[in-house]
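*Asks:* next come a sequence and a model predicted from it.
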Amino acid sequence: MITWLSSYPRSGNTLLRSMLRNAFELTSYSAYDDIGDIGADANVADRVGHVFLGAPWPQAYERLQSSDEVTFVKTHEVPTDAGKAIYVVRDGRSACRSYFHYLRDFFQRSRASTYTLADVIAGLTPALSWTDHLNAWNPLQRPNTLVLRFEQLLADPAEQIARIAAFIQRDPSRQWQNNFEELRRHDPRFFRAGAATDPATAIDASDLELFWAFHGDWMKRLGYVAPDAALPAAVPAALRSLMARRALIVVGHA
């Protein structure tokens, strides 16, 4: 049986996996197997608690989902079932900036390395936009879903670990110690910053209006900005979907 570890890319999923590993002694899988980043270094994989699927994802999914044993699986995809989930959310400005850096740093010789921050904001990448990922999971209303904030995982890990423990019905077996600096020494590209950067500086003024037009609604709903904040008019969902479809066709995913 799968408990999903879901997030938009670069929102704190790896931090959550590290907490499961180091506070609860639990391992986790990834729907992508993470061969090119976390799984590429045995030391990093061990500290994050990453284990390989041992089969292509469709077969692995069937095996894990039908098992009586609870397993944890990282995903950035839309939900495929109604299973339990821990959803990690991060201020959209910082998440978009970090995902932009990830595309640039890990796909230097491919189409992905040419994406601009505006492309990421608008969802013109193989991933959904930040807002469309939230719409797909709807974590504030989805049953059996624990919502964690990246910023709170860093600022108050003890309280968040207590919330995780209650949700997974398992007490921590040892005290959490953030091993980010050790992970960064092994892979400085993937582990770029160990603290929540100021989101106000994450996006340049030239892209900021675009960000608020796409993501202002969820930023308000999640409390990252005041509910009465004056923001640009939202981009209609139908237009976002059309743009995302176009992006998938361009990169050969449809």
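*Replies:* Arrived safely, thanks for sending.
*Asks:* now do the helices in the stretch 1-150 of the chain.
*Replies:* 13-24, 42-48, 57-66, 92-106, 117-122, 130-137, 150-155 (DSSP state H, counting those that start in this stretch).
*Asks:* buried ones in the second one?
*Replies:* Going by neighbour count (16 or more other Cβ atoms under 10 Å), the buried part of helix 42-48 is 44-45, 47-48. (Each C-beta comes from the backbone N, C-alpha and C, glycine too.)
*Asks:* so among these, where is pLDDT lowest?
*Replies:* Between these, the one the model trusts least by pLDDT is Val44, at 82.
*Asks:* my read is that that residue contacts Ile38, right?
*Replies:* Yes - when contacts are counted by Cβ atoms under 8 Å, Val44 is listed as touching Ile38 (5.6 Å).
*Asks:* which parts of this protein are strands?
*Replies:* Shown for the chain, the strands assigned by DSSP state E span residues 2-7, 29-30, 71-75, 85-89, 145-149.
*Asks:* identify the farthest-apart pair in the buried residues of helix 42-48.
*Replies:* Ala45 and Arg47 (7.5 Å; Cβ to Cβ).
*Asks:* give me the low-pLDDT residue ranges for the stretch 1-150 of the chain?
*Replies:* Low-confidence segments of the stretch 1-150 of the chain (pLDDT under 70): 107-113.
*Asks:* related to what we said a few turns ago, out of the helices of the stretch 1-150 of the chain, which is closest to Val73?
*Replies:* helix 57-66 (6.6 Å).
*Asks:* other residues contacting that closest one?
*Replies:* Residues from elsewhere that reach helix 57-66 (Cβ atoms under 8 Å, 6 or more residues apart in numbering): 1-2, 29, 31-33, 53-55, 71, 73, 80-81, 83.
*Asks:* can you tell me which helix in the chain is longest?
*Replies:* Ranked by residue count under DSSP state H, the longest helix found in the chain is helix 205-221.
*Asks:* and the angle for that one with strand 85-89?
*Replies:* Relative orientation of helix 205-221 and strand 85-89, computed by axes from the mean of the first three to the mean of the last three Cα atoms, to 10 degrees: 140 degrees.
*Asks:* how about helix 205-221: buried residues?
*Replies:* So, applying 16+ other Cβ under 10 Å, buried residues of helix 205-221: 207, 210-219.
*Asks:* repeat for stretch 149-162
*Replies:* 149-151, 153-154, 157, 160-161.
*Asks:* adding distance to Ala23, write these out as JSON lines.
*Replies:* JSON lines is the format used below for the buried residues of stretch 149-162 (distance: Cβ to Cβ, whole Å):
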{"residue": "Arg149", "distance to Ala23": "17"}
{"residue": "Phe150", "distance to Ala23": "16"}
{"residue": "Glu151", "distance to Ala23": "18"}
{"residue": "Leu153", "distance to Ala23": "11"}
{"residue": "Leu154", "distance to Ala23": "14"}
{"residue": "Pro157", "distance to Ala23": "8"}
{"residue": "Gln160", "distance to Ala23": "10"}
{"residue": "Ile161", "distance to Ala23": "5"}
